[in-house]
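> The following block contains a protein sequence and its predicted model.
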Amino acid sequence: MPSLIDLRRRIRSVKSTQQVTKAMKMVSAAKLRRAQDRALDARPYAAIFRQVLGDVAAAALAGDEQLAAHPLLAQRPEKRILVVLLTADRGLAGAFNSNLIKTTQQFLREHEDAETLLYTIGRKGRDFFRKRGAQIVAEKTGISQTARFSDAAEVAADARRRFEECEVDAVYLIYNEFKSVMAQKLTVLKVLPVEVPAGSGGRDYIYEQPAQQLLNGLLPRYVEIVVYQAMLESAAAEHAARMTAMEAATTNAEEMIDKLTLYMNRVRQASITKELIEVVSGAAAQM
């Protein structure tokens, strides 16, 4: 049976941990609001841009079939694949990172016939796959929560260059899409080659520039927007996951403190009862 001193020390330790988890919950809650607003505000722009690109590409390809040979539209057998994995730089976010890593491992198993390269964003994914000897061709850390467009443009430019130079035959994004504070959706999205959305071409555009020039401007920007949207979604999902995890940890700490306090009171009561019995027994023996 632990002593009263040991129980008091353990209660103090749990209370200290509870203060940390409560502070982390408040910080994540404050950051979540801004990250959520950024992700939600970017969705309409990304959706409209995707629709416009689909209409322009469909109309342009209908007028000139040679445009299908555009470097970013080139369909090739997927012998070399680049996977851009978005994880967090820190833990204590529930299953946020582990689910992404499991999804990536499943993706690698499903594409065993192809050579898969990794572009990791975030320390957790980088450290996990580096220890297991995966082919990490590029990495970025410290940007998972900031989600700046300049960082997304740099990642997109690197992926686009590798695809245009035929270093890889396809580029995929694996990230957590923000759905709500309690839920995130694991997403595996094919970025390159750019696929014209189904049902496109419903609008009739009059072009001032040649179709080739339009596609040369729209397609690279589309890749940047897709990567940027994924980074925004991942940042919001990370804050939501960490806030939920820290709230659960704070609640669990409170329950543990209550149980330890109850147990400590029982131990103290048992100690007092034992001392009383000893006093009464000693007094009775002297009579």
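Nice, thanks for sending it over.
> could you point out the longest helix in this structure?
Secondary structure of the chain per DSSP state H: the longest helix is helix 211-286.
> Quick one: list the elements packing against it.
Judged by 3 or more Cβ pairs under 8 Å, 6 or more residues apart in numbering; DSSP states H and E, the packing partners of helix 211-286 are helix 4-63, strand 80-86, helix 96-110, helix 149-164, strand 170-178, strand 184-192. C-beta: built from backbone N, CA, C; applies to glycine.
> Low-confidence stretches in the stretch 1-150 of the chain?
Low-confidence segments of the stretch 1-150 of the chain (pLDDT under 70): 1-2, 59-69.
> Swap in 90 and give it another go.
Scanning the stretch 1-150 of the chain for pLDDT under 90 picks out 1-80, 89-96, 108-116, 122, 125-127, 130-136, 138-150.
> ok so, going back, could you save the helices and strands packed on helix 211-286 as a markdown table and add columns showing mean neighbour count and distance to Met256?
Below are the helices and strands packed on helix 211-286 laid out as a markdown table (neighbours: other Cβ atoms under 10 Å; distance: least, Cβ to Cβ, whole Å):
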| stretch | mean neighbour count | distance to Met256 |
| --- | --- | --- |
| helix 4-63 | 16 | 5 |
| strand 80-86 | 24 | 34 |
| helix 96-110 | 17 | 24 |
| helix 149-164 | 18 | 40 |
| strand 170-178 | 24 | 29 |
| strand 184-192 | 18 | 27 |
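> coming back round to it: quick one: the longest helix of the chain to chain centroid distance?
On the basis of Cα atoms, centre = their mean, to the nearest Å, helix 211-286 is displaced by 19 Å from the centre of the chain it belongs to.
> cool, stretch 178-187 as well?
Centre-to-centre, stretch 178-187 and its host chain are 9 Å apart (Cα atoms, centre = their mean).
> Export the helices and strands packed on helix 211-286 to a markdown table and append columns for distance to Asp127.
Converted to a markdown table, the helices and strands packed on helix 211-286 look like this (distance: least, Cβ to Cβ, whole Å):
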| stretch | distance to Asp127 |
| --- | --- |
| helix 4-63 | 21 |
| strand 80-86 | 12 |
| helix 96-110 | 10 |
| helix 149-164 | 19 |
| strand 170-178 | 16 |
| strand 184-192 | 20 |
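> neighbours around Glu233, how many?
For Glu233, the count of nearby residues is 27 (other Cβ atoms under 10 Å).
> now it: how far from Ala147?
9 Å (Cβ to Cβ, to the nearest Å).
> same question, Thr187
For Thr187, the distance to Ala147 equals 15 Å [Cβ to Cβ].
> now do Lys102
23 Å.
> Out of the helices and strands packed on helix 211-286, which is closest to Tyr228?
helix 149-164 (3.6 Å; Cβ to Cβ).
> neighbours around Gln135, how many?
Neighbours around Gln135, by other Cβ under 10 Å: 12.
> List the contacts of it.
Counting by Cβ atoms under 8 Å, 6 or more residues apart in numbering, Gln135 touches 115-118.
> neighbours around Leu214, how many?
By the criterion of other Cβ under 10 Å, Leu214 has 19 neighbours.
> my read: it touches Asp55, true?
No: look at Leu214 against Asp55 with Cβ atoms under 8 Å: they stay out of range, at 11.0 Å.
> Taking helix 149-164 as reference, get the angle to the longest helix of the chain.
120 degrees (axes from the mean of the first three to the mean of the last three Cα atoms, to 10 degrees).
> For ChimeraX, write the select line for the buried members of the contacts of Gln135.
A single ChimeraX command selects the buried members of these (16 or more other Cβ atoms under 10 Å):
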select :116,117,118
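> Same list, the contacts of Gln135, but as CSV with secondary structure please.
Converted to CSV, the contacts of Gln135 look like this (DSSP: H, G, I helix; E, B strand; the rest coil):
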residue, secondary structure
Glu115, strand
Thr116, strand
Leu117, strand
Leu118, strand
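> of all the helices and strands packed on helix 211-286, which lies closest to His70?
Minimum separation from His70 across those (Cβ to Cβ) falls at helix 4-63, 8.8 Å.
> dump the residue contacts of Glu238.
88, 93, 96, 144-145, 176.
> which among those gets closest to Ala153?
Among those, and counting by Cβ to Cβ, the member closest to Ala153 is Ser144, at 16.3 Å.
> Let's test this: what are the backbone torsions at the residue lying closest to the closest one once chain neighbours are set aside?
Excluding its sequence neighbours, the residue lying closest to Ser144 (Cβ to Cβ, 6 or more residues apart in numbering) is Gly122, at 4.6 Å. Note on Gly122: backbone dihedrals following degrees, to the nearest 10 are phi 110, psi 140.
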